[in-house]
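*Asks:* this one's sequence-less:
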């Protein structure tokens, strides 16, 4: 797999040509649009896409539709031109239009044949690409390695893109691709969505294959997807005990942006091996159904969930295509979340949300921290002032039966034997 990830190289005189090659059905056209969106939004590059697929019906129209969807320009379609002519026209249009990157989506076949290789070689000679990316379906297993070997023998492939990495396959193609072809894996296609493209990090993909999760990628995805201002506003409302169904709907939307329950659980350590047992609980259809229920409510009902009576619940169920029992489950879940948020932010809100969490466990929110003014006043009153270094506990901690603490040295707090929190109720 290598030791470090290799990024897309754009260090060349613009427009930088990027040639996308691979078999038909591997996700070449979709990956072209994903990469164009990534370069346009994250690296602020002006990108032009061009389809060289003159054989597959509506291939050029597909790329044009994707271009409109992501806000990236596509080369106008001219009937009757050959792939080599389209490639030359795209490079010239990129130069005249001041584009930074020109992406060339080549035609594919259902299998490797001589006609395909000759066409790709001619396009490469005409366009002179700075990057040639081979798009391979990871679910084809070791066949993907054979395809990569065939292409690298005829075209100067500079990197590999593995698609459908979110499938049920364990990633065997990724393990052998680098060793067999000698070409680095640069990108991973993780979903059908236009933002479902990730940089390849060897250590992270190894952890995913072994079922150890990928917390780093999850945090990076959260940082990109989550609206920080909206999150802070919801957090303040939670502390004030004002968590309504609008806030809950926003939370569900954020979860879907992160890849849904399956996407999140797949990145958590240890959960990969439990996916079959958690199949029902991890179904993203449940989240979509909950969003449909919330959207079927009026703004007043979302702000006042306690006022939703049986008649309103039946109307909401009909509007969302669900049953009244589903509405009841959602309202019960919201009530539980609201109560938890209120207990976390209620009595200890002035000392921070963790103080409220401590209250939940019977710890009273902890000891308040002294302010600098309090310490200065205490230093005036004490003869000789406060010591520079506070005395530490003796080795081994408090002795058993320490006076006034009821034998804390034994490892148990009074009230509930063997349990560290609160008193027995």
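*Replies:* Received it, and whenever you're ready, just let me know what you need. As the structure is a prediction and not an experimental result, all values here were calculated from the model.
*Asks:* what's around residue 255, how many residues?
*Replies:* For residue 255, the tally of surrounding residues (other CB atoms under 10 Å) stands at 17. Yep, even glycine has a C-beta here, placed from its N, CA and C like the rest.
*Asks:* Relative to residue 31, how far out is it?
*Replies:* Relative to residue 31, residue 255 is positioned 25 Å away (criterion: CB to CB, to the nearest Å).
*Asks:* again, but for residue 127
*Replies:* 18 Å.
*Asks:* what does residue 315 give?
*Replies:* 45 Å.
*Asks:* quick one: which of those two has more around it?
*Replies:* Counting neighbours by other CB under 10 Å for residue 315 and for residue 31 shows that residue 31 has the greater number, 23 against 17.
*Asks:* Now do the nearest residue to residue 48 once chain neighbours are set aside, the pLDDT please.
*Replies:* Counting by CB to CB, 6 or more residues apart in numbering, residue 99 is the residue found nearest to residue 48 once chain neighbours are left out, at 4.5 Å. For residue 99, the pLDDT comes out at 95.
*Asks:* Could you do residue 359 as well?
*Replies:* 45.
*Asks:* do residue 391 as well
*Replies:* For residue 391, the predicted pLDDT is 47.
*Asks:* Likewise for the one 5 residues further on?
*Replies:* Note on residue 396: pLDDT of 49.
*Asks:* One more: residue 183?
*Replies:* 83.
*Asks:* quick one: contacts for residue 187?
*Replies:* Residue 187 makes contact with 8, 31, 35, 133, 159, 161-162, 197-200, according to CB atoms under 8 Å, 6 or more residues apart in numbering.
*Asks:* The stretch of helix or strand it belongs to pairs with which strands?
*Replies:* Here residue 187, judged by DSSP states H and E, is contained in strand 185-189. Strand 185-189 has the following sheet partners, assigned by DSSP bridges: strand 159-163 (parallel), strand 197-199 (antiparallel).
*Asks:* which outside residues touch the first one?
*Replies:* Which is strand 159-163. So strand 159-163 is contacted by 6, 8, 26-27, 30-31, 35, 131-138, 144, 148, 173-174, 177, 181, 183-189, 200 (CB under 8 Å, 6+ apart).
*Asks:* Same question for the last one.
*Replies:* The set of residues external to strand 197-199 that reach it, using CB under 8 Å, 6+ apart, is 5, 7, 31, 34-35, 38, 186-190, 217.
*Asks:* related to what we said a few turns ago, and the residue nearest to residue 48, which of the three is it?
*Replies:* Three-state call for residue 99 (DSSP: H, G, I helix; E, B strand; the rest coil): coil.
*Asks:* mind listing the strands for the stretch 51-200 of the chain?
*Replies:* 73-74, 101-105, 131-137, 159-163, 185-189, 197-199 (DSSP state E, counting those that start in this stretch).
*Asks:* Next, count neighbours for the nearest residue to residue 128 once chain neighbours are set aside.
*Replies:* Leaving aside its sequence neighbours, residue 128 sits nearest to residue 17 (CB to CB, 6+ apart; 6.5 Å). Counted with other CB under 10 Å, the neighbours of residue 17 add up to 23.
*Asks:* and the gap between residue 17 and residue 32?
*Replies:* Distance from residue 17 to residue 32, by CB to CB: 13 Å.
*Asks:* Next: residue 154.
*Replies:* 20 Å.
*Asks:* In terms of neighbours, single out the busier of those two.
*Replies:* residue 32 (27 against 16).
*Asks:* relative to strand 185-189, how tilted is the helix or strand where that one lies?
*Replies:* Using DSSP H and E, residue 32 sits within helix 28-41. Interaxial angle of helix 28-41 relative to strand 185-189 (axes from the mean of the first three to the mean of the last three CA atoms, to 10 degrees): 100 degrees.
*Asks:* i'd like the first residue to be 30 from this point on
*Replies:* Understood, numbering begins at 30; the last thing we discussed is helix 57-70.
*Asks:* in helix 57-70, what counts as buried?
*Replies:* 57-69 (16 or more other CB atoms under 10 Å).
*Asks:* again, but for stretch 274-284
*Replies:* Applying 16+ other CB under 10 Å to stretch 274-284 flags 274-279, 281, 283-284 as buried.
*Asks:* Okay then, goodbye and thanks.
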